[in-house]
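**Student:** just to be clear, the model below is a prediction. Sequence and coordinates:
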Amino acid sequence: MTITSTVVKVGIADMKVTEAPNKLKTLGLGSCVGVVIYNHEIAGLAHVMLPDSEASNRENQNILKYADSALDQMIRELLDKGVRKSSLKAKIAGGAHMFSFQTESNFLKIGERNIIAVTERLQLHQIPLIAQDVGGNQGRTIEFNIEESQLEIRTVRGNTTII
Amino acid sequence: MIKFTQKHLDVLKEVGNIGAGNAATALSTLLNKKINMSIPDIKIVEFNELMDYVGGPEEEIVSVFLRIQGSLPGSMFFVLQPNQAQILANQLIPDMKEDIRDHEMALSAIAEIGNILSGSYLSALSEFTAINMFPSVPSLTVDMAGAILMQGLIEISKESDYAIVIDTMIEDEENTTESIKGHFFLLPDPTSFETIFSALGVEGK
């Protein structure tokens, strides 16, 4: 018997939850951060753009855009599926600094701010951060293999690392 | 948020026309070639759609990026496909064999071209609208489109899930495999539209 595995794609400011043997993938992370929350049979992947939904000027925004609200939503969906919170772990990648000029200081550090916001939100939920590949100045495409709990990170020059 | 009518779109097209027209002239002078420009395309796109538009978030692009500050804040990109950037570099640096990504001088030459072209785009726009613009020092990156373009969308994303892109393409006239094609993407921050419209005498209502 063949079990078909699908690669579930996650867009920008998007989040998906799926079960093994499926994989989760998101493309072209720059200052955005890809957050995987997983156990050995189920996982969610969020592609967050901004650190803080509280700082938003407008109502009715896509909650999956922000580190805090996207992670809350992902954890809620995982728990709704009957997952025990204590079984969950996290891996993150992204938060690069793509351009090297000086400009508005907040804008400049958006990658770092995203990393901090994600890390803090994970701590708040008491989900251990097992591994990370963050910062630097390169874009990343990431794919998470739920069965192996492995996050594969590819950069444009073809370097692949697994965390 | 302004509700866009045909009149507003025409104004934005005119913005693209004036800017890219001037940039095309600058490139023409630099390369001593005739340069054509496309009719500006105004797109109102969700972020993921914008990525698809440049070939997907993972597509490798060469991009000069600058932030515009002042009363018309926004982001500006000059985008080339890597092979187009290579052709451009070959015209600037004769007998260059290496991949531009491994050639520091080629990269800095492309950055300078991007600098000159964006500068002429924005100075024409500034003159036309009588609005002062303060562009940052441009920065060149070769990487995935998603990673690059999202950086320019940060300010927009705080306000909106959509970006309004003024897209113009310039191309040398030869139109062969050796021809150079580059896109300008001007992405005004949401607060900038009222400023543009009122500067050009169209009410933002």
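**Tutor:** Perfect, thanks for sending it. Numbering: from 1, shown residues only, chains lettered A, B, ... in the order given.
**Student:** separation between A:Asp68 and chain B?
**Tutor:** Distance, A:Asp68 to chain B, by CB to the nearest CB, to the nearest Å: 14 Å. Quick note: C-beta positions are derived from backbone N, CA and C, even for glycine.
**Student:** Provide the partner residues of the residue nearest the centre of chain A in its beta bridges.
**Tutor:** Nearest residue to the geometric centre of chain A (CA atoms, centre = their mean): A:Val35, 1.8 Å. Beta-bridge partners for A:Val35, by DSSP bridges, are A:Ala46, A:Ile92.
**Student:** can you give me the pLDDT of it?
**Tutor:** For A:Val35, the model assigns a pLDDT of 96.
**Student:** burial of A:His97, as a residue count?
**Tutor:** 17 (other CB atoms under 10 Å in any protein chain shown).
**Student:** which residue does chain A have closest to chain B?
**Tutor:** Nearest to chain B in chain A, going by CB to the nearest CB, is A:Gly28, at a distance of 2.2 Å.
**Student:** could you give the number of residues near that residue?
**Tutor:** 27.
**Student:** same deal with A:Leu124?
**Tutor:** Neighbours of A:Leu124 using other CB under 10 Å come to 12.
**Student:** thinking again about what came up before, show me what contacts the residue nearest to the centre of chain A?
**Tutor:** A:Leu45, A:Ala46, A:Val48, A:Ala67, A:Ala70, A:Leu71, A:Met74, A:Ala90, A:Ile92, A:Val118, A:Leu122 (CB atoms under 8 Å, 6 or more residues apart in numbering or on different chains).
**Student:** about what we covered before: got a pLDDT number for the nearest residue to the residue of chain A closest to chain B once chain neighbours are set aside?
**Tutor:** Nearest in space to A:Gly28, with sequence neighbours left out and distances taken as CB to CB, 6 or more residues apart in numbering or on different chains, is B:Gly146 at 2.2 Å. Listed pLDDT for B:Gly146 reads 90.
**Student:** residue at max distance from the center of chain B?
**Tutor:** B:Asp95 (28.5 Å).
**Student:** quick check: that residue vs chain A, distance?
**Tutor:** 25 Å.
**Student:** does B:Phe128 touch B:Ile18 like I think?
**Tutor:** Yes - between B:Phe128 and B:Ile18 there is a contact at 4.9 Å, judged by CB atoms under 8 Å.
**Student:** follow-up on the earlier one: now pLDDT and neighbour count too, for the contacts of A:Val35, in TSV please.
**Tutor:** Formatted as TSV, those follow (pLDDT from 0 to 100; neighbours: other CB atoms under 10 Å in any protein chain shown):
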residue	pLDDT	neighbour count
A:Leu45	96	28
A:Ala46	95	29
A:Val48	94	30
A:Ala67	92	28
A:Ala70	94	27
A:Leu71	94	26
A:Met74	95	25
A:Ala90	95	23
A:Ile92	96	27
A:Val118	95	27
A:Leu122	95	21
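**Student:** among those residues, which lie within strands?
**Tutor:** A:Leu45, A:Ala46, A:Val48, A:Ala90, A:Ile92 (DSSP state E).
**Student:** before we move on, back to that, from A:Val7, how far off is the residue nearest to the centre of chain A?
**Tutor:** Distance of A:Val35 to A:Val7, computed by CB to CB, to the nearest Å: 18 Å.
**Student:** please apply the same query to B:Glu112.
**Tutor:** For B:Glu112, the distance to A:Val7 - CB to CB - is 41 Å.
**Student:** so between the two, which is more surrounded?
**Tutor:** Neighbour comparison, B:Glu112 and A:Val7: the larger count goes to B:Glu112, with 15 against 12 (by other CB under 10 Å).
**Student:** pLDDT score for the more buried one?
**Tutor:** pLDDT, B:Glu112: 86.
**Student:** name the element it belongs to?
**Tutor:** helix B:104-129 (DSSP states H and E).
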